[in-house]
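K.L.:
here you go, sequence then predicted model.
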Amino acid sequence: MKRLALPSFVLATAMFMGCGSGVEPAPQPESTSTTSQPLTYIELVETALDAQLAATAAQAGVAVHALEINEPVSGPVSVTEAAAVALEVAADTRLPWQYGATLTRAQVRAALGTTLVNDIERYINTGESYSAVVYGWSYPTAPDYCTTGHFYALVFNQARFVMTVEVNGGRDC
């Protein structure tokens, strides 16, 4: 269980650097002082995936995590703040993760595949829409090759869940 307090303006300050996302970056908020921004405390607790979602994730070669929102106990949470906490809970924080973009449902389906997204939506089982963001990293591991990773966070405020999907791979760079 991890808790992280983050000013909301801090989370949207970086962009992908060569990860080939093809997704438009979200508009950047105006800079404000840290004293005028309230801190949001978000606590996420990992819960087990059901057998079907675990099998789909394994078949796709991705890491999927279900994180229940314990705090705040009600009301919506910011997708960028929840994603930053989820990144701390579910991913290797030693990697150079950088905020990429806010995604639509269609963009999430295109990036992760319909089967995986359908299983995630079935697992949540509220029929609600969700907010999503992607983080990424890339670094050269050979003269013409980069190792890459993408971290998708889908925030279901009604169900009080953050679902994460981490996809690692590589490409020419």
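P.N.:
Looks like it arrived, so ask away. Numbering: from 1, shown residues only.

K.L.:
all strands of this protein, in order?
P.N.:
For the chain, the strands defined by DSSP state E occupy 2-7, 39-47, 63-71, 98-103, 131-142, 145-156, 161-172.

K.L.:
among those, where is the model least confident on average?
P.N.:
Mean pLDDT is lowest for strand 2-7 among the strands of the chain, at a mean of 39.

K.L.:
sorry, back to before: pipe the strands of the chain into a markdown table and attach distance to residue 122 and mean neighbour count per row.
P.N.:
(Each C-beta comes from the backbone N, C-alpha and C, glycine too.) Formatted as a markdown table, those follow (distance: least, C-beta to C-beta, whole Å; neighbours: other C-beta atoms under 10 Å):
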| stretch | distance to residue 122 | mean neighbour count |
| --- | --- | --- |
| strand 2-7 | 27 | 15 |
| strand 39-47 | 15 | 17 |
| strand 63-71 | 12 | 18 |
| strand 98-103 | 19 | 21 |
| strand 131-142 | 17 | 20 |
| strand 145-156 | 12 | 22 |
| strand 161-172 | 11 | 18 |
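
K.L.:
out of those strands, flag the one nearest residue 78.
P.N.:
strand 39-47 (6.6 Å; C-beta to C-beta).

K.L.:
and that closest one, which strands flank it?
P.N.:
strand 2-7 (antiparallel), strand 63-71 (antiparallel) (DSSP bridges).

K.L.:
so how far is it off the chain centroid?
P.N.:
14 Å (C-alpha atoms, centre = their mean, to the nearest Å).

K.L.:
also stretch 138-157?
P.N.:
Worked out by C-alpha atoms, centre = their mean, stretch 138-157 lies 12 Å from the chain centre.

K.L.:
got the end-to-end distance for that stretch?
P.N.:
Using C-alpha to C-alpha, to the nearest Å, one end of stretch 138-157 lies 30 Å from the other.

K.L.:
do the same with stretch 139-151
P.N.:
Distance across stretch 139-151, first residue to last, is 15 Å (C-alpha to C-alpha).
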